[in-house]
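Enquirer: coords below, sequence missing:
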């Protein structure tokens, strides 16, 4: 008698991000930045309540769909040294991660044009 050996796993956020990045044809730098914000979002209560799209098929989010998360992510990236965010900031500041957290902080500190 033989049996099947199935191992089912819940796809985590990093796997979903990787699938969306591949779908979008994202560069490695964009993937690093997205992974940085993903890790920051895991510590944010406001981000945990965000409902992703209901499509069964992977699809890219429009800027309008992501806009409600922008203030939350900007606060998380610019927050002072708190245990969780500081550790993530330091992790992504390393040369092997191309100083992604420093680049994100520089981008977020620039004045941004108002969306139409």
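Expert: Good, I have the coordinates. Quick caveat, the model's predicted, so the values are computed rather than measured.
Enquirer: quick one: contacts for residue 88?
Expert: Shown in contact with residue 88 (Cβ atoms under 8 Å, 6 or more residues apart in numbering): 36, 39-40, 43, 101. Glycine gets a C-beta too; all of them are placed from N, C-alpha and C.
Enquirer: can you name the two of the residues you listed that are farthest apart?
Expert: Within those, 43 and 101 form the most distant pair, 13.7 Å apart (Cβ to Cβ).
Enquirer: List the contacts of the longest helix along the chain.
Expert: Counting residues, the longest helix in the chain under DSSP state H turns out to be helix 28-41. Residues outside helix 28-41 that contact it (Cβ under 8 Å, 6+ apart) are 13-14, 17-18, 21, 26, 47-48, 69, 72-73, 76-77, 85, 88, 91-92, 97-98, 100-101, 103-104.
Enquirer: Low-confidence stretches in the chain?
Expert: Along the chain, segments meeting pLDDT under 70 span 1, 52-59, 80-84, 111-116.
Enquirer: same thing but 80
Expert: 1-11, 46-61, 78-85, 109-116 (pLDDT under 80).
Enquirer: From the centroid of it, which residue is nearest?
Expert: Nearest to the geometric centre of the chain sits residue 38, at 2.5 Å (Cα atoms, centre = their mean).
Enquirer: mind checking how far that one is from residue 76?
Expert: Plainly put, residue 38 is 11 Å away from residue 76 if you go by Cβ to Cβ, to the nearest Å.
Enquirer: One more: residue 97?
Expert: For residue 97, the distance to residue 76 - Cβ to Cβ - is 17 Å.
Enquirer: ok, and for stretch 30-40, which residues are buried?
Expert: By neighbour count on 16 or more other Cβ atoms under 10 Å, the buried set for stretch 30-40 is 31-40.
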